[in-house]
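Q: What shape does this take:
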Amino acid sequence: MDKLNFLTAGVPLRAKGYDDGFQVLNNMGLDGMELEFVRGVRISDKSRVAVSSSNKVITAHAPFYVNLNSREEDKVEASIQRIIETAQTTNELGGFSITFHAGFYLGMDSELVYKKISEGINIITKELSNVNNKIWIRPETTGKATQWGDLEEIIRLSKEYETVLPCVDFSHLHARYNGISNTYDEFAAIFDKIGNELGQVALDNFHAHIAGIEYGAKGEKKHLNLEESDMNYKDLLKAFKNFGIKGAIVCESPNIEEDTKLMREYYLSL
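A: Model (predicted):
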């Protein structure tokens, strides 16, 4: 990537469909969209044309019915297939990156869970090794301690596979630890860690999620608009700027296009 791009999580609220959605992005000066494959990897031919001809940065979120650590093997196999289908479809549409929630601990030993999830990622990356263009496969940092995916785990996994990098959801990290990971120094430490352990390629091809967030002792409760939360997005964007991060920031606030524009304008003012 040659710069930091600001994307909406899904079609802008004021739009009807992808064609209208990309026009809204153009009118607002926004850079792209994360496709939300919530219940399945389904997109019409008309929508495919709109996405692939948009000249926007495209990422995608795999369906939420994913658990690579399920006790039921058929659910693991279905989860693997959903991630593969998301990557294949996004690649066909000229996409940059896909992300997903990899799984749950289910009360199991964290090392055993890591091994199980890594086995699933191994299958996925091998299946995708023949796609026309490289697409990044990104487990997302999660917002609850019951969900697999703290930053350490995802960095460790990224070291094992050439096409795997983190999707850092800064709001999830803030919620997962009940209010920390919300200062400039903490954001800078995350970029330092990723750069030191995964190299410059990870900082030049970043994929982040940001939103306001409500949380409690058990972690994430729900997304909020940025100005209605304590998410310190201004210092986070300062850290993005100072570290020269390139890639995609996806805004998941309920007012998606408004907060995406808010962040982009603040970032450009720095």
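
Q: only C-alpha atoms for contact and neighbour calcs from this point on.
A: Will do.

Q: so who does the nearest residue to Lys218 once chain neighbours are set aside touch?
A: Closest residue to Lys218 apart from its sequence neighbours, by CA to CA, 6 or more residues apart in numbering: Lys144 at 6.2 Å. Contacts for Lys144 (CA atoms under 8 Å, 6 or more residues apart in numbering) come out as His172, Ala175, Arg176, Lys218, Gly219, Glu220.

Q: can you tell me how far Glu220 sits from Leu173?
A: 9 Å (CA to CA, to the nearest Å).

Q: Common neighbours of those two, please.
A: Common neighbours of Glu220 and Leu173, using CA under 8 Å, 6+ apart, are Gly143.

Q: Need phi/psi at Phe37.
A: phi -90, psi 70 (degrees, to the nearest 10).

Q: That one against Val66, yeah?
A: No: assessed by CA atoms under 8 Å, Phe37 is found out of contact with Val66, at 11.7 Å.

Q: More neighbours: which of those two?
A: Neighbour totals were compared for Phe37 and Val66, and Val66 leads with 22 against 17 (other CA atoms under 10 Å).

Q: Chain neighbours aside, what residue packs nearest to that one?
A: In this structure, Val66 finds its nearest non-sequential neighbour in Ser79, 4.6 Å apart by CA to CA, 6+ apart.

Q: for that neighbour, helix, strand, or coil?
A: Classification of Ser79 using DSSP: H, G, I helix; E, B strand; the rest coil returns helix.

Q: okay but it is in contact with Phe64, surely?
A: No: in this structure Ser79 lies outside contact range of Phe64 using CA under 8 Å: 9.2 Å.

Q: Same drill for these two, tell me which one is more crowded.
A: Higher neighbour count among Ser79 and Phe64: Ser79, with 24 against 17, using other CA under 10 Å.

Q: Tell me the pLDDT of that one.
A: Turning to Ser79, the model gives it a pLDDT of 97.

Q: before we move on, what about Glu257?
A: Taking Glu257 on its own, its pLDDT is 98.

Q: So which residue is dead centre in this structure?
A: Cys167 (4.3 Å; CA atoms, centre = their mean).
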